[in-house]
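[1] The sequence and its predicted three-dimensional model are supplied below.
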Amino acid sequence: MDSCPESAYCLISDGGLHFLPYREPKHSLRSPYYSFLANKTMSSLAASTTASQPNSGSDMESQSISSSISETMPDHHQLEIPSLLDTYSAHALYLPGIYVEPSDNGNHDEIKKMLAKIFPHWESESLISVKHLTGGITNMLLECTMYNKATDLHEKVLVRTYGRGTGLIIDRDREFVSHLVINSVNLAPPIHARFGNGLVYGFIEGRSLEYQELSNQVLYPLIAAKLGQWHQQVQVDAIEECLTTLRREFRGAKSETKSSDLWAVISNWIQILPEIEGIVKSCASNLDIRELKDTNASLGSILKAELDWLRSEVEHKSPFVACHCDLLSGNVIISEELSEKLEAGLSTADVEYYRTHNPISFIDYEYMIRAPRAFDISNHFMEWQGFDCDRTRIPQASKSNELLREWCASYLWLENTEKNRAPIDNLITEISLYYGLPGFYWGIWSGIQSGISLIDFDYSWYAGERIQEYWDWKRTFKKAPEERS
């Protein structure tokens, strides 16, 4: 297809990423596929935001626009666009020219104008209400609602602007493409638009979990099963291919080389990590097990040596998948119905129902990357400790730990029986090899945050606590293999 304009529809069709020109909703020359995509956006707002419904276009919808396309589009588009729409699975507008600065008042007028561009039936800006969820001068998350008289529904979306300095550690192109791909397989709410410094995406009714709930005996099998589904259905190669396509289209010769997997991300983070007191102290107190014994070595050199050692020990011990990489409690959403039943008490029938109608959703895909599945699982278990770093809450990575066996059985979609002992044992061994990497990863991340974040949190202390997790794991790892499990 011809090079698209700066603003475009980014379309997932037949597993690939494609671009269709975007014109203002009231433009006299707007594209004949505009109504098709606009209707898709409206239906995604009106339907359940759990994204359980199929996204693909119907034959009737595709046929209804084929004639109008053939009348108004160049010859080389006449066959291509109907084909793309016939295999449609997800789309979002890309509006790189729109920037909304985070502020205490939320810049509500700017937000409303942007929403009117994205949703053609939200033309009356005065009817759009905006609720500040989080934010200020560093970031902003807004809940935006409009009452649709035609459907008698209150339509909600979330608008998020990127936080200060986060471009240093988060690949925003990857986040955008990952969200599109996940939505295309019905495991994420729709992403409606990407603008210059943020996203507009679907609102999931429900609530996020508290960290103490991650070990709830009703919830943890559902979380495990959902993560297993993610790792099976979200194709990491599809994300990489779509990302390459996006950068070629919009970045061209100026496209930067970005990290393609977890190891590259950590290596890049180490390069920009300042000498953080909490990490420096932790590294000094563990000199005896460090790979680099030089007491005058820089923090970056010490951590680079540890990363090289880690890769040599565990890199090929777990299959690479599309990992969420940030499954803390706040990114796990449960339905309002389940929340109410948890408080009142679930019956046996309720538990069985939720096993086949899983109400868990994962949100926020900022850190998604190609990574070993055992890292994603181990990272989730580390989040059981909360931000107070109460490590007693982390499940022991042992084959004799019945809770972990149940969790792994749910992840593998198996019954926790003697018949399935081998695959469950193998997964637990796999996970145990990665129990130190989350602390290493988030320790470095926290060190970087200590220099760029304006959030009132002791990132230096947290960085030291998380890095110490790595050293403690390494001491155990270096014991005889039979002592690890």
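    Thanks, I have it. Note that this is a predicted model, so its numbers are computed, not measured.

[2] who touches the residue most central in space within the chain in this structure?
    By C-alpha atoms, centre = their mean, the chain has its centre lying nearest to Tyr365, at 1.5 Å. Going by C-beta atoms under 8 Å, 6 or more residues apart in numbering, Tyr365 touches Glu175, Ser178, His179, Ile182, Ala188, His324. The way it works is simple: take the backbone N, C-alpha and C, and place the C-beta from them, glycine included.

[3] and if you look at Ile369?
    By C-beta under 8 Å, 6+ apart, Ile369 lies in contact with Arg174, Ser259, Ser260, Asp261, Leu262, Val265, Cys323, Cys325.

[4] Among the residues you listed, which has the minimum pLDDT value?
    Within these, Ser259 has the lowest pLDDT, namely 72.

[5] where does that residue fall, helix, sheet strand or coil?
    Classification of Ser259 using DSSP: H, G, I helix; E, B strand; the rest coil returns coil.

[6] His316: neighbouring residues, count only.
    By other C-beta atoms under 10 Å, 10 other residues sit near His316.

[7] Wait, a helix at it?
    No - under three-state DSSP, His316 falls outside any helix and is assigned coil.

[8] residues touching it, list them.
    Contacts of His316 (C-beta under 8 Å, 6+ apart): none.

[9] May I have the phi/psi pair for it?
    Dihedral pair for His316: phi -100, psi 20, per degrees, to the nearest 10.

[10] And for Leu427?
    Backbone torsions for Leu427, taken as degrees, to the nearest 10, come to phi -70, psi -40.

[11] Which pLDDT value does the model give it?
    As predicted, Leu427 sits at a pLDDT of 98.

[12] ok, it touching Arg405?
    No - counting by C-beta atoms under 8 Å, Leu427 sits too far from Arg405 to count as a contact (9.4 Å).

[13] Grab the longest helix from the protein for me.
    What stands out as the longest helix in the chain, according to DSSP state H, is helix 459-477.

[14] Give the residue spans of the stretch 101-250 of the chain that score low on pLDDT.
    Within the stretch 101-250 of the chain, the stretches with pLDDT under 70 are 103-107, 135-139.

[15] where along it do the helices fall?
    Under the criterion DSSP state H, counting those that start in this stretch, the stretch 101-250 of the chain contains helices at 108-118, 172-184, 219-233, 236-250.

[16] Okay, buried residues for the first one please.
    Residues of helix 108-118 classed as buried under the neighbour-count rule (16 or more other C-beta atoms under 10 Å) are His108, Ile111, Lys112, Met114, Leu115, Ala116, Lys117, Ile118.

[17] ok so, going back, what residues sit buried inside the longest helix of the chain?
    Going by neighbour count (16+ other C-beta under 10 Å), the buried part of helix 459-477 is 459-460, 462-474, 477.

[18] how does the protein divide up, domain by domain?
    Domain assignment for the chain by automatic domain parsing gives 8-202, 207-484.

[19] how long is stretch 146-160 end to end?
    With C-alpha to C-alpha, to the nearest Å as the measure, stretch 146-160 spans 17 Å from end to end.

[20] Name the surrounding residues that touch that stretch.
    Residues from elsewhere that reach stretch 146-160 (C-beta under 8 Å, 6+ apart): 45-46, 49, 100, 111, 114-115, 119, 121-122, 127-129, 133, 139-145, 192, 198-203.

[21] if you set the cut-off to 7 Å instead, what comes out?
    45-46, 111, 121-122, 127-128, 140-145, 192, 198-203 (C-beta atoms under 7 Å, 6 or more residues apart in numbering).

[22] low-confidence ranges in the stretch 251-400 of the chain?
    For the stretch 251-400 of the chain, applying pLDDT under 70 flags the ranges 253-258.

[23] Let me see the ranges of the helices in the stretch 301-450 of the chain.
    Assigned by DSSP H, counting those that start in this stretch, the helices in the stretch 301-450 of the chain fall at 336-344, 348-356, 373-382, 402-411, 421-432, 437-452.

[24] Can you tell me which of these is most buried?
    Of the helices of the stretch 301-450 of the chain, the one with the most neighbours on average (mean count of other C-beta atoms under 10 Å) is helix 373-382, at a mean of 25.

[25] and that one with helix 402-411, angle?
    For helix 373-382 against helix 402-411, the angle by axes from the mean of the first three to the mean of the last three C-alpha atoms, to 10 degrees is 130 degrees.

[26] Export only the CA atoms of helix 373-382, formatted as PDB.
    Once non-C-alpha atoms are left out, helix 373-382 reads as follows in PDB (Å, rounded to 0.1, in the frame of the first residue of the first chain):
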ATOM      1  CA  ARG A 373       7.800 -18.000  30.800                       C
ATOM      2  CA  ALA A 374       9.400 -18.900  34.200                       C
ATOM      3  CA  PHE A 375      10.300 -15.300  34.600                       C
ATOM      4  CA  ASP A 376       6.700 -14.200  34.300                       C
ATOM      5  CA  ILE A 377       5.600 -16.800  36.800                       C
ATOM      6  CA  SER A 378       8.400 -16.100  39.200                       C
ATOM      7  CA  ASN A 379       7.900 -12.400  39.000                       C
ATOM      8  CA  HIS A 380       4.200 -12.900  39.800                       C
ATOM      9  CA  PHE A 381       5.100 -14.900  42.900                       C
ATOM     10  CA  MET A 382       7.500 -12.200  44.100                       C
END
